[in-house]
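*Asks:* Sequence and predicted structure below; questions after.
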Amino acid sequence: MKVRKIMSKAPTYCTPACSAEMAANLMNQCDSGILPVVQDSLDLKLIGVVTDRDLCLTVIAARRDPAHTVVNECMSRNVKCVGPDDDIKQAIALMAEHQVRRLPVVDESGKLLAMLSLADIAEQDAIGTEALANTLKKVCAPSRVMTARRGRAA
């Protein structure tokens with residue numbers, strides 16, 4: 001099955017100049033923990049993503065003012081993406097490898113088209129339950145960074 005069959009089209013997005021506070025409000029309005037970050041609203045070129053975790057750790061935990069901190073200062077830049085014609089199996093492999101639950105869907109020029117989530121895959125029964133469960137286990141496993149930190153603290 002191709003990504004285009006189950007991707008969530010017209011995702012809410014923000015720009016790098018958007019405040020962290022505005023990004024959090026957009027996440028709240030669209031009931032999502034992630035926003036794609038596009039260069040500008042005209043060309044929709046994806047340059048990163050900002051997650052609720054990014055906002056929590058780099059803004060709130062650091063005691064920065066969300067109204068005066070811009071997304072450019074807290075977004076993730078090395079984003080893993082899929083294309084609309086990629087196979088769902090490629091997408092779940094990428095999710096498992098990079099421990100992410102959501103992937104931006106972009107065209108060949110990097111323009112944001114949609115988002116693909118594990119929830120989309122599960123709702124559409126796009127892969128078998130065993131493959132979905134294995135992907136979820138890998139996504140939810142402690143990250144290599146956290147495992148290394150725990151090892152040093154022990």
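*Replies:* It's in.
*Asks:* To what extent is Val105 buried, counted in neighbours?
*Replies:* Using other CB atoms under 10 Å, Val105 has 25 other residues around it. (C-beta placed from N, C-alpha, C; glycine too.)
*Asks:* and it, what are its bridge partners?
*Replies:* For Val105, the beta-bridge partners under DSSP bridges are Val82, Ala114.
*Asks:* Go ahead and confirm it touches Leu116.
*Replies:* Yes. Here Val105 lies in contact with Leu116, judged by CB atoms under 8 Å, at a distance of 5.5 Å.
*Asks:* Now list whatever residues contact both of these two.
*Replies:* When contacts are counted by CB atoms under 8 Å, 6 or more residues apart in numbering, Val105 and Leu116 have Val3, Met7, Val82 as shared neighbours.
*Asks:* any idea how far the last one is from Ile47?
*Replies:* Read that as Val82. Separation of Val82 from Ile47 (CB to CB, to the nearest Å): 17 Å.
*Asks:* again with Gly33
*Replies:* Using CB to CB, one gets 19 Å for the distance from Gly33 to Ile47.
*Asks:* Between the two, point out the one with more neighbours.
*Replies:* Neighbours were counted for Gly33 and for Ile47 using other CB under 10 Å; Ile47 has more, 18 against 15.
*Asks:* Would you enumerate the residues in contact with the more buried one?
*Replies:* The neighbourhood of Ile47, defined by CB under 8 Å, 6+ apart, consists of Pro16, Val37, Val38, Gln39, Met75, Arg77.
*Asks:* and what of Leu35?
*Replies:* Per CB under 8 Å, 6+ apart, neighbours of Leu35: Pro11, Thr12, Tyr13, Cys14, Ala23, Leu26, Met27, Val49, Val50, Thr51, Val71.
*Asks:* Any chance of TSV for those, columns secondary structure, distance to Asp120 and pLDDT?
*Replies:* Formatted as TSV, the contacts of Leu35 follow (DSSP: H, G, I helix; E, B strand; the rest coil; distance: CB to CB, whole Å; pLDDT from 0 to 100):
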residue	secondary structure	distance to Asp120	pLDDT
Pro11	coil	11	94
Thr12	coil	15	96
Tyr13	coil	17	97
Cys14	strand	21	97
Ala23	helix	22	97
Leu26	helix	19	97
Met27	helix	17	96
Val49	strand	16	97
Val50	strand	20	97
Thr51	strand	17	95
Val71	helix	24	97
